[in-house]
Every structure is written in structure tokens, then in C-alpha cells.
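**Student:** Give the three-dimensional model of this entry:
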Amino acid sequence: MTEVGEFDLAAEAAVAGLDREAAWRFVARFARHWLGAALDGESGVEEPRIVEAEQRLGLSFPAAVCELYALAGRRRDLWSNQDELLSIGKLYVQDGVLVVRHENQGVAIWGVRIEDLHLPDPPVVVHVDRFEPSDQWWEPWTASFTEAVAHWLVFESLWRDASVASFADDLDADDLEDLLARAVPVDLAQPSDGPVTARWLLVDDVVVLEAGTVMFTARSAEAAAAFRNRYRADWFDE
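**Tutor:** Purely as a prediction, here's the structure:
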């Protein structure tokens with residue numbers, strides 16, 4: 001993964017959806033340039049532990065799943081600030097799905113169908129607890145595993161320290177109009193769950209997830225402060 005030039009989040013997110021190599025480049029560069037968390041030899045899970053997990057479950061994991069854990073599977077600061085990427089030793093099978101991620105209150109789980117494990121970069125499905133028999137509620141989530149990974153990485157950065165990330169549900173209409181007019185769309189997976197469709201936006205070194213509630217993660221404390229000053233709201237922990 002070669003570092004080339006300055007990090008252009010919107011451009012590199014768009015490319016990340018094209019193939020696995022581009023997706024992992026985005027992960028490494030977002031971690032380094034946005035989060036200040038360069039991936040190193042201590043970030044990933046050793047191959048014998050991945051093989052051990054496969055043997056325990058009697059499965060062969062897709063290439064993309066192995067690549068995620070080998071690249072950064074030990075970095076809870078990247079994947080588990082709010083929801084949880086399961087450690088390699090805790091992966092399990094439920095309803096014919098290899099489960100890799102839990103929502104923090106157990107409302108949803110994400111994984112890959114066993115029948116798709118032969119694919120290098122398989123689609124991800126989600127089970128949302130709707131108090132119905134579970135086998136009826138596995139739904140498509142992303143077309144590829146790497147699409148989901150890119151989303152999880154940026155989503156988890158929304159839950160960093162309040163000096164660089166926050167959320168509010170009371171951004172007024174004029175401020176929202178201004179934000180939408182100034183921002184550049186970011187091509188990250190954000191499947192809709194209900195009547196409100198979320199959208200990722202980039203403005204002034206700030207990534208925004210807007211879905212009624214506005215959440216943001218900034219590249220620096222200065223960028224976060226400028227964003228709060230322009231868009232006055234009851235920001236969490238302000």
C-alpha cells in the first residue's frame with residue numbers, strides 16, 4: 001500500500017468501492033491521515049490465529065475477511081468505539097451466517113452468509129432485532145465486505161473524543177441548508193433502515209453523517225471547533 005500525496009477523503013472513498021486493494025488503501029490512509037493512527041506490525045492478527053479461527057468453525061473465510069483481520073484486526077480504537085468488530089477468536093455462526101460485528105446494545109448484528117464465503121469480497125447482511133423469528137430478518141446490507149469495512153471505519157470515528165467528534169439533533173433548517181450547499185457528498189455505504197436515508201458529507205475537514213441527527217468527525221480539534229461555531233446546536237459534550 002503506497003502512500004501517494006495528500007489524503008483526499010472524498011476522492012479516495014469513491015475509489016475504495018472499486019476493489020479490495022483500493023479499499024485497504026483507504027483504510028490505511030484514513031487511519032493515518034485523519035485519525036493519526038498509522039497501522040503497523042502490531043495492528044493485525046497473525047495468520048496462525050486466523051487459521052485457528054477457521055478450523056474452530058470448520059470454515060474457510062473469504063479473502064476480504066482475512067485481510068481485514070491481518071491488516072488491523074487488533075485495533076479496537078478503529079473498529080469498536082461504539083459498536084464492536086468481534087475479535088478473531090469470537091467469530092461465530094448464527095442462522096447460516098458468519099457473524100463479525102455487533103451493535104453496542106445488541107439491536108443488530110452483521111455478517112456474511114455461509115453460502116457466500118467462497119467469494120473473495122462477499123456481500124454483508126444484517127439482522128435487526130424486530131422481535132420476530134431471526135431467520136426471517138437477515139437483510140442485504142452492502143454489496144461487498146470491503147464496502148462495509150470502509151463504512152465501519154468512518155462511522156466509528158464519529159465516536160472519538162468530543163474535541164474532534166460530536167452529534168446533535170437540533171440543527172436548524174437554515175444551518176442544514178447551508179451545510180448541504182457547502183458540502184461534498186462522500187461515497188460510503190449507509191443503507192437506509194426506515195423512512196430516513198442517511199448521507200455522508202465532507203466540509204472543511206469535517207465528515208458529517210446526516211440523517212435527521214447530525215454527527216461529525218473532524219480531522220483536528222481546530223476543524224471541529226470551527227464547525228461547531230458555524231453550526232450552533234446543542235452539541236454533545238460541548
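**Student:** Can you give me the pLDDT of the most centrally placed residue in the chain?
**Tutor:** With distances taken as CA atoms, centre = their mean, the residue of the chain nearest its centroid is Trp152 (1.1 Å). As predicted, Trp152 sits at a pLDDT of 96.
**Student:** Spatially nearest residue to it (excluding sequence neighbours)?
**Tutor:** The spatial neighbour of Trp152 that comes closest, neighbours along the chain excluded (CB to CB, 6 or more residues apart in numbering), is Trp79 at 6.1 Å. Bear in mind the C-beta positions are built from the backbone N, C-alpha and C, glycine included.
**Student:** Can you verify my assumption that that neighbour contacts Leu85?
**Tutor:** Yes. With contact defined as CB atoms under 8 Å, Trp79 and Leu85 form a contacting pair (3.7 Å).
**Student:** Let's verify the residue of the chain most remote from its centre: helix, strand, or coil?
**Tutor:** Distance to the chain centre peaks in the chain at Asp174, reaching 29.0 Å (criterion: CA atoms, centre = their mean). Three-state call for Asp174 (DSSP: H, G, I helix; E, B strand; the rest coil): helix.
**Student:** any idea how far it lies from Glu42?
**Tutor:** Using CB to CB, to the nearest Å, Asp174 is found at 47 Å from Glu42.
**Student:** Kindly report the same for Arg76.
**Tutor:** 13 Å.
**Student:** From what I see, the residue nearest to the centre of the chain and Leu85 are in contact.
**Tutor:** Yes. Here Trp152 reaches Leu85: they are 6.8 Å apart, a contact under CB under 8 Å.
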